[in-house]
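Enquirer: give me the fold of what follows.
(3 chains)
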Amino acid sequence: MKRTKSLAVVAGFAMVTLAACGGDGGGGNAGGNSPSEFINPESDFGKVADAEGPAPEVEGATTGGTITVAIPGDPGPEDLDPANGWSVLGNSIQQALTHRSLVQFRRDQETGAMELVPDLATDLGRPNEDFTEWTFTIKDVNWENGNPITAEEVKYGVERTFDSETFTSGPGQVYSVSNFDCGEGYTGPQDGDCPGITVDGQDITFAMQGPFPDMDFWSTFMAIGPIPLENSEFPAYGRMPLSSGPYKIKEFRVNESLTLEKNPEWDAASDPARHQYADEWVFKFDQDQEKTDQLLLSDSADAQTTVSNGLGATNVAALRDALGDNFIQQTGQCVSYRTPDYTKIDDINIRKAIAWAYDFENITLAGGNIPGVTRIPASTIMPPGMSGRKEYFPDTEQFVYDPEKSKALLAEAGAEGYKLTFVYDDSDAEAKAAAEQEKKGYENAGFTVEMIPYQEDAYALWDDAESPINAKLNLRSVNWCSDWPSASTMIPPLVESGQPYNTSYFSETEVDDRIKEIATLPLEDQAAAWGDLDELIGTKYFPMIPTAYRNDLFGAGSKIGGFTGDAAMSAIYYKDLFVIQ
Amino acid sequence: MFAYIIKRLISGVIVVILVSMAVFALFWFGPEDPARPICNQQTGNRCTPDRLENFEEQMGYNNGFVSEYAAYAKGIFAGRQMEIGSTQIDCDAPCLGYSHRTFNLVWEELIDRVPATISVAAGGAVLYLLLGVPIGVAAARRRGTLGDKLLVSSFLVISSVPYYLFALLAWLYFTLIWQVPILGDSGYTPLTDNPAKWFGGLLLPWLCLGIFGCTQYTRYTRGAMVETLSEDYIRTAKAKGLKPSTVVYRHGLRSALVPVVTVFGIDLGVLLAGTIFTERIFEIQGIGRWGLQAVQSFDLPVVSATALFGAIIIVISNLIVDVIYSVLDPRVRLS
Amino acid sequence: MSGKSPLAIAAGRLRRDKVAMVCLSIVIIFALIAIFASQIASLFNVTTQPGNPSQQLDFINDGMPLKGPPRNGFDPEHPFGIAPKTAKDNLASWLYGARTSMLIATSATVVASLVGIVLGLVSGFVGGAVDKVISFVIDLFLTLPFLLMALVIAPILNERFALTPDRYQTMQVVSLIGILAAFGWMGVARLVRGEVLSLREREFILSARVIGMPTTRIMVKELLPNLVAPIVVAISLMLPAFIAAEAGLAFLGVGITQGESWGQTILLASAYFELYPLYLWEPLLGIVVLVLALNLLGDAIRDAVDPKTRR
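Expert: Residues are numbered from 1 along each chain as shown, chains lettered A, B, ... in the order given. As a prediction, this is how the structure comes out:
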């Protein structure tokens, strides 16, 4: 999933990553005083196929009031079209409050673990034996305008995501296109019907191109949800999409604000996870970090009902004391990597030397993050909590900044003074400071460094084979979150040959073949197989240096109740929030 | 007089056209691929050469500068048909195109935002005068004394601080740290929705603008008053035994106001063209903030619209200033 | 003309004005700091190199420096303290920031006044069509949205010069000077034009014309000396305005990203207004004192050259 500029501080690149991830045993809410202790998720998501509405009441919940959500430094989604929804922020809001899909996540109030429960569908989907066909039954519920939601509309919504020109950056372009059997070159409803999606009354059946056991996870996305057959052209529909959840859109101002009000057509009895406690929601995008932090610290009347989607490093200590239980350290399934160009830096010792020369603490601090709190030293490609993850170290032990070791490795490779070239965003002061620290670290470890100031989106640069700047680089980076708790949404996009986010340009047939093979293994063996592959890649090839597991800090005022984190989305869990009256 | 106004209007129209052309040209010839930022953004960085070309076509960047500018100009007067992806939209005159970022019609967004900017600018400008002129007069009457120096330099100190910092700290202290009622609740509510809220929400932005911007009015007024108060006719008036305050305000101020009005007219125009800093800090959805967002995402139609709007306002306000100037000061004849 | 020239009289008045003299010395001190920034920095043994935040900052708690302000006393190694997050030395940033601010403001002032004086002189003295054209250009420039254009230019510069970092840095400075000068020259031009219009009909100019002096010579030899006073005043007020403007532009992301500047430091430090006020006050006081001194000096010069205000 996408994360926008200022949230992605490792080297300051716009972060295009995918969220939704591993089950988090503790919900990431480590409470007050121990910033470096995170409860690591241990288990997979539970699946509760028979969960029914209404959702269990949150303890002490009261109705009424307006919840204001301040979103510092993130301009928010450009449109609200479900087919385009692939950002952590946009999806966490829309899926929780306005847009229902077939399946959804629910946070278990006892354990804090996330679990899959039905949403628009009556269950979590009924696969056939080899997962090549999935059938869902749509409940009898209504749109905000009172019209019934039909299976036909779900089919249309899914078909719409195939349109690669309109929804180029939508998640459907990856998961729908590669899984649903709509025929070669199908690009959406303008090409006619998708033969692989059949509707019978309120039943909808998806035929797959191959086994797709993760269909239930994929069905949590808005892209697998209904779209009205009429008046749903992009871009107009993206400004004011019809709501099916407990809230409907009152006003949407791009990059500024989103105001939601109660949707009277929403039926609590049909929804096992959502609530309708507050009267209104106001999301304020692109807020000033300092202003937001100070607002929460002030505990003014406005601040008491305000939620912050990100706390600044400057004031973390004060905020932790001031907010108490409403200060959340949320573990996510997000990892930052440095990716040496595999085609240029072909000696594994040089790549290891870079890892030992990466001055984690200084870079993290200069970049406005806190080592051990918002950035945890990393070792494996898969983040903690992902099922099948194997704890291992690519080079005997955890990487720490060790210039001597780096020099020795360089000497072994016969590459003293090896030149590293990377880009940094000089218009972002923190990114620039972090890059300067990184340069200093490499230079002290025997490298020479060239830094190129680059203010546009770096992922676009790395994807551009023609660019003379890209041709000069031999060190790139990537930030990635899984889409759901399977390494199949983590490892292939990062290491498979030719994948757009494989920014090291790594390509080994052994790894490519194994990725294909794992998909054919029995379901219960797949997780462990991914863990083994992770270790194989890390120890034998070491194409990418995992630099940090990423965590977020959320905060809320004293009159906000039910404030928890959503480990599935690495976001705030909006479904339980209420204003204490 | 009438002929003069017509002449000025014609030259004003040429100025406006040149300004909008300049902004267009900057987008056209500045970056290597002007469509790339939008393409990257809309495709989630999957901006292949094919798609880039698509976007260039859609946004008109492949048409050549002259023909696209002509189409744009024609749209303003006659409206035009536009394509967004596969949808056709009618863009009625005055058509300023559609935003490449939000896909809304620029004219609608503009109309939506004008009231906020006018509210901020008008209030700020009124405070320029309400604060600047009396303080200037007060300083002039005490000229050379400690009071004069203190008044003048304390406002100078304030205006030496970067404005954004001044406004940011004002917001932080009034809203959060002291939590002053009324002042602490800044933001824009349309006047027609709730006049009291409109006034309360804008009070702090107005005060920030006013206190920060009145310095030069203080100086102008002071300078002009000092000069006027030493003129012979003032001395005559004093000698006649008129009350000092009558002399100062009735006789002195009137002629001192002439230069102040000139500056005021220009300032009001500049304020209306976009109070970027104020709108950004107090989160007011006006023209300035809109332009800022558009520039950051290289949204040409919106940037053009803000430039056009600003240019028209400035040209008109300059014209009005000249007319008022001739009324206030009969020595100036418009030619 | 008899006795002392008007300028000499004004200079004499200025010399007796205590406030003006104090301000003048402040300005000179700042100018010296800007010129000798690197020497002063090496004297104190500080550099603008990034520090070692993990060792120098208390990042487990509030991220403040372990030595020196704001939690502890004076740290002789870093007389102005170190910056949070980066642990960069504040004194070095301040010194080089002073250099950048002064360089940009002075250059912009020189460019703006030169353009303004030349165009104003020509416009006022030659008159006719030339005057109309120049007046039109002045109107045009007063209407151009420089702030928006500056915002558009910043990323374009980056795109064009990313691969040549040295030229990139120079181009940032040059374009900032250009933008500020483009903001400022119209005022000077209008002022000079107005003065020239009133001088043009005076006897000494008319007589110079009668004896057949070439136009350029009249402008340079006869008109210019009489314009020195208003020009000096205009310049002395433009300089502080530009210093303040550089800081304001930094907030919008226009300006110097390569190297140090006061505007950038204030922007970073504004988040620490409570936690680490000294960090904010250092560059802020630099700007306020310098701008104030320049403004007061400008006022004093105006008073000195215009005897009427002294009566």
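Enquirer: how about the contacts made by A:D279?
Expert: A:D279 makes contacts with A:63-66, A:261-262, as judged by Cβ atoms under 8 Å, 6 or more residues apart in numbering or on different chains. C-betas here are computed from N, CA, C, even on glycine.
Enquirer: leaving out the residues flanking it, which one is nearest to the closest residue to chain A within chain B?
Expert: Chain A sits closest to B:G44 of chain B, with a gap of 2.4 Å, by Cβ to the nearest Cβ. Spatially, and ignoring its direct neighbours in sequence, B:G44 is nearest to A:S169 (2.4 Å; Cβ to Cβ, 6 or more residues apart in numbering or on different chains).
Enquirer: residue of the stretch 51-200 of chain A nearest chain B, please.
Expert: A:S169 (2.4 Å).
Enquirer: so how far is A:G85 from that residue?
Expert: Noted for A:S169: a distance of 10 Å to A:G85, by Cβ to Cβ, to the nearest Å.
Enquirer: of those two, who's got more company?
Expert: A:G85 (29 against 21; other Cβ atoms under 10 Å in any protein chain shown).
Enquirer: from chain C, how far off is the more buried one?
Expert: A:G85 is 28 Å from chain C, where distance means Cβ to the nearest Cβ, to the nearest Å.
Enquirer: just B:A78 next, same as before
Expert: 25 Å.
Enquirer: I figured that residue hits B:A93, correct?
Expert: Yes - with contact defined as Cβ atoms under 8 Å, B:A78 reaches B:A93; the gap is 5.5 Å.
Enquirer: residues in the stretch 101-250 of chain C within reach of chain B, list them.
Expert: C:136, C:139-140, C:142-145, C:147-149, C:151-153, C:155-156, C:159-160, C:240, C:244, C:247-248 (Cβ under 8 Å from any Cβ of the partner chain).
Enquirer: which of those residues are buried?
Expert: Buried subset of these (neighbour count, 16 or more other Cβ atoms under 10 Å in any protein chain shown): C:139-140, C:142-145, C:147-149, C:151-153, C:155-156, C:159, C:240, C:244, C:247-248.
Enquirer: now, which of those lie within strands?
Expert: In strands, defined here by DSSP state E, there are no members of these.
Enquirer: if we check chain A, which of those residues are in contact?
Expert: Applying Cβ under 8 Å from any Cβ to these, those adjacent to chain A are C:155, C:159.
Enquirer: so which of the buried ones among the residues of the stretch 101-250 of chain C next to chain B belong to helices?
Expert: C:139-140, C:142-143, C:147-149, C:151-153, C:155-156, C:159, C:240, C:244, C:247-248 (DSSP state H).
Enquirer: related to what we said a few turns ago, would you say the residue of chain B closest to chain A is within a helix?
Expert: No - under the criterion used here (DSSP: H, G, I helix; E, B strand; the rest coil), B:G44 is coil, not part of a helix.
Enquirer: and the pLDDT for it?
Expert: Predicted confidence (pLDDT) for B:G44: 75.
Enquirer: quick one: mean pLDDT for stretch A:98-105?
Expert: 96.
Enquirer: between the two ends of it, what distance do you get?
Expert: End-to-end distance of stretch A:98-105 (Cα to Cα, to the nearest Å): 14 Å.
Enquirer: for A:T135, give me its contacts.
Expert: The contact partners of A:T135, by Cβ under 8 Å, 6+ apart, come to A:125-126, A:203-206.
Enquirer: please identify the helix or strand for the most centrally placed residue in chain C.
Expert: The centroid of chain C falls nearest to C:A105 when counting by Cα atoms, centre = their mean (2.4 Å). Taking DSSP states H and E as the criterion, C:A105 maps to helix C:90-126.
Enquirer: buried set for that helix?
Expert: C:90-109, C:111-113, C:115-125.
Enquirer: would you mind giving the domain segments of chain B?
Expert: According to automatic domain parsing, chain B comprises the domains B:2-104, B:107-328.
Enquirer: please name the nearest non-neighbouring residue to B:L253.
Expert: Among residues not flanking B:L253 along the chain, B:V137 sits closest, at 6.6 Å (Cβ to Cβ, 6+ apart).
Enquirer: contact partners for that neighbour?
Expert: Shown in contact with B:V137 (Cβ under 8 Å, 6+ apart): B:221-222, B:225, B:248-249, B:252-253, B:256.
Enquirer: just the endpoints, please. Distance across stretch A:418-432?
Expert: End-to-end for stretch A:418-432, by Cα to Cα: 22 Å.
Enquirer: picking up where we left off before, how much space between the residue nearest to the centre of chain C and chain B?
Expert: On the measure of Cβ to the nearest Cβ, C:A105 and chain B end up 13 Å apart.
Enquirer: hmm, that residue is touching C:L237, no?
Expert: No - in this structure, C:A105 is not within contact of C:L237 by Cβ under 8 Å, at 11.9 Å.
Enquirer: rewinding a little: ramachandran angles for the residue nearest to B:G44?
Expert: phi -100, psi 20 (degrees, to the nearest 10).
Enquirer: what sits against it?
Expert: A:2, A:84, A:86, B:42-46.
Enquirer: and the most centrally placed residue in chain B, how far from B:I313?
Expert: Compute the mean C-alpha point of chain B, and by Cα atoms, centre = their mean the closest residue is B:L271, 2.2 Å away. From B:L271 across to B:I313, the span is 9 Å (Cβ to Cβ).
Enquirer: most tightly packed of the domains of chain B?
Expert: domain B:107-328 (a mean of 20; mean count of other Cβ atoms under 10 Å in any protein chain shown).
Enquirer: shaky segments in the chain?
Expert: Looking at chain A here, since you left the chain open. For chain A, the stretches with pLDDT under 70 are A:1-44.
Enquirer: not what I meant, chain C
Expert: For chain C, counting by pLDDT under 70, the residues that fall below are C:1-4, C:6, C:306-311.
Enquirer: how is chain A divided into domains?
Expert: According to automatic domain parsing, the ranges for chain A are A:30-63+A:74-283, A:330-550.
Enquirer: and the longest strand for chain A?
Expert: Max-length strand for chain A by DSSP E is strand A:327-340.
Enquirer: quick one: strands adjacent to it?
Expert: Here strand A:327-340 has these sheet partners by DSSP bridges: strand A:475-481 (antiparallel), strand A:545-556 (antiparallel).
Enquirer: Throw those into TSV and include mean neighbour count, thanks.
Expert: Shown next, in TSV, are the strands paired with strand A:327-340 (neighbours: other Cβ atoms under 10 Å in any protein chain shown):
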stretch	mean neighbour count
strand A:475-481	25
strand A:545-556	25
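Enquirer: export the ones you listed to JSON lines and tack on distance to B:F309?
Expert: Shown next, in JSON lines, are the strands paired with strand A:327-340 (distance: least, Cβ to Cβ, whole Å):
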{"stretch": "strand A:475-481", "distance to B:F309": "39"}
{"stretch": "strand A:545-556", "distance to B:F309": "39"}
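Enquirer: out of those strands, which gets nearest to C:A83?
Expert: Evaluated over these, closeness to C:A83 peaks at strand A:545-556, with 22.1 Å, by Cβ to Cβ.
Enquirer: please put the alpha-carbon coordinates of that closest one into PDB.
Expert: What follows is strand A:545-556 as a C-alpha-only set of coordinates in PDB (Å, rounded to 0.1, in the frame of the first residue of the first chain):
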ATOM      1  CA  ILE A 545      19.800  -4.900   3.300                       C
ATOM      2  CA  PRO A 546      16.800  -4.800   5.700                       C
ATOM      3  CA  THR A 547      17.400  -1.600   7.600                       C
ATOM      4  CA  ALA A 548      14.400  -1.300   9.800                       C
ATOM      5  CA  TYR A 549      11.100  -2.700  10.900                       C
ATOM      6  CA  ARG A 550       8.800   0.200  11.000                       C
ATOM      7  CA  ASN A 551       6.300   1.200  13.700                       C
ATOM      8  CA  ASP A 552       3.800   4.000  14.000                       C
ATOM      9  CA  LEU A 553       2.800   6.200  16.900                       C
ATOM     10  CA  PHE A 554      -0.800   7.300  17.200                       C
ATOM     11  CA  GLY A 555      -2.400   9.500  19.800                       C
ATOM     12  CA  ALA A 556      -5.800  10.600  20.900                       C
END
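Enquirer: following it in sequence, what is the next regular element?
Expert: By DSSP H and E, the next helix or strand past strand A:545-556 is strand A:560-561.
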